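>>> Sequence and predicted structure below; questions after.
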Amino acid sequence: MSTAKTGSGYHHAHHFDSAEHEYVSAKQGVWLFLCTEILMFGGLFVGYAIFHHIYPEIFKVGSKFTDWRLGAANTVVLLTSSFTMALGIYYSQKREQSKAVAMLAITILCGFIFMGIKYIEYSHKIHLGLLPGTWYSADPASLVKYVGDMEIPSNLPMYFSFYYMMTGIHGIHVLVGMGLIAWVMIRAMKGEFGPHYYTPVEGVGLFWHLVDLVWIYLFPLLYLVS
Amino acid sequence: MGHGSGQQASHEHHIIPFATYLKVFVALLVLTVITVAAARVDFGALNAVVAFAIASVKAGLVLAIFMHLKYDDKLNRVIIGSSVFFLVILWIFCILDIFTRVSHSSTL
């Protein structure tokens, strides 16, 4: 296999002119992938807007079951993880290996905290029988303490279809992101990254920040705007 | 720059200073507090607009600094901008359809 050697000792693949060319191309590929992610989540947001317009009452009642304090806690957790992810790249660029590994480890820890809070929220709703579509089995009497004298609309399960689909796909992205960060953390431990080569950390970082971006919009949508 | 930048093998990347990351992080936390506070004020029909405007400021900070777009190849901005552009098209056409429907009761 033909590889070209740069001053840093990093060998870029033979179909690139240089290590920089490889870096720019790889990053461009990640951005193209992020486009597909934005369009996928975007479709769900547009769907939410349409059904919110047609059936505003189910969103009004449905949002009574989300606790803004848990949503805000998860927002802070994800913003912190984005900050530490950015620092993971920053220390990789400066070849401060142990700091880079520590920052990536904190990022993964934040992912666990996020999923832990998500577990509390999901189990609370599942316990009440607030499931999407045909699985919805909530006893109206047990919902009174959340909705007061508001009437429970017969199509309330549709709210939970949106809720679980949007937070669920987002949650899967968090899990995938955690796995990817663990992968670059192990490579960082082996000392593979430095100022001349940190492409995987940068790419995984972009993905993780996108997961944060989606949550920045999901938080007011599901927890605050009723 | 695009392929042009590929010619320089020893090109140094711009490293955003630690202080900038910290400022952005603090700004994001402050904006989260503002998001929660704004939700307690009733802006009527503008509630969702206000919430999404604040979210977009946060998104802009993440994109520019955490995702390095401010110092990145311009092509990456075009790429991400194109996805937002097509999302807006989807959004506008759905609004034109759904939000302008008039419900009729047939007399037939």
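On my side now, so go ahead.
>>> In terms of helix, strand or coil, where does the nearest residue in space to residue B:57 that is not next to it in sequence fall?
The shortest distance from residue B:57 to any non-neighbouring residue, by C-beta to C-beta, 6 or more residues apart in numbering or on different chains, is to residue B:31 (6.2 Å). C-beta here means a position set from N, CA and C on the backbone, and glycine is covered the same way. Following DSSP: H, G, I helix; E, B strand; the rest coil, residue B:31 is assigned to helix.
>>> Could you pull up the residues touching residue B:31?
B:54, B:57-58, B:61 (C-beta atoms under 8 Å, 6 or more residues apart in numbering or on different chains).
>>> Can you show me the helices along chain A?
Listed in chain order, the helices of chain A (DSSP state H) span residues A:19-54, A:56-62, A:68-93, A:97-128, A:140-147, A:157-189, A:199-219.
>>> Run a quick neighbour tally on residue A:209.
24 (other C-beta atoms under 10 Å in any protein chain shown).
>>> do you know how far it is from residue B:104?
From residue A:209 across to residue B:104, the span is 47 Å (C-beta to C-beta, to the nearest Å).
>>> and the closest residue to residue A:217 other than its chain neighbours, helix, strand or coil?
Using C-beta to C-beta, 6+ apart and skipping the chain neighbours, the partner closest in space to residue A:217 is residue B:55 (5.1 Å). Classification of residue B:55 by three-state DSSP places it in helix.
>>> Scan the contacts of residue B:31 and report the most crowded one.
residue B:58 (25 neighbours).
>>> residue in chain A nearest to chain B?
At 2.8 Å from chain B, residue A:21 is the closest residue in chain A, using C-beta to the nearest C-beta.
>>> Assess the claim that that residue and residue A:15 are in contact.
No. With contact defined as C-beta atoms under 8 Å, residue A:21 does not reach residue A:15; the gap is 9.4 Å.
>>> More neighbours: which of those two?
Taking other C-beta under 10 Å, residue A:21 and residue A:15 do not tie; residue A:21 has more neighbours (22 against 9).
>>> what's the closest residue to residue A:215 other than its chain neighbours in contact with, if anything?
Among residues not flanking residue A:215 along the chain, residue A:78 sits closest, at 5.1 Å (C-beta to C-beta, 6+ apart). Shown in contact with residue A:78 (C-beta under 8 Å, 6+ apart): A:110, A:114, A:211-212, A:215.
>>> Save these as TSV, and put in pLDDT, distance to residue A:177 and neighbour count too.
Converted to TSV, these look like this (pLDDT from 0 to 100; distance: C-beta to C-beta, whole Å; neighbours: other C-beta atoms under 10 Å in any protein chain shown):
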residue	pLDDT	distance to residue A:177	neighbour count
A:110	98	10	25
A:114	98	10	25
A:211	97	5	25
A:212	97	9	24
A:215	97	11	23
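>>> ok, those residues vs residue A:153, which is closest?
Using C-beta to C-beta, residue A:215 is the member of the contacts of residue A:78 that lies nearest residue A:153, at 27.2 Å.
>>> I'd say the closest one and residue A:73 touch.
No. Using C-beta under 8 Å, residue A:215 is not in contact with residue A:73, being 12.0 Å away.
>>> Can you give me the neighbour number for the nearest residue to residue A:162 once chain neighbours are set aside?
In this structure, residue A:162 finds its nearest non-sequential neighbour in residue A:48, 5.5 Å apart by C-beta to C-beta, 6+ apart. The number of residues packed near residue A:48 is 19, by other C-beta under 10 Å.
>>> so what's residue A:48 up against?
Residues near residue A:48 by C-beta under 8 Å, 6+ apart: A:162, A:166, A:221.
>>> wait, doesn't the first one sit right on residue A:47?
Yes. Taking C-beta under 8 Å as the contact criterion, residue A:162 and residue A:47 are neighbours in contact, 7.3 Å apart.
>>> if you count what's nearby, which of the two comes out ahead?
residue A:162 (21 against 15).
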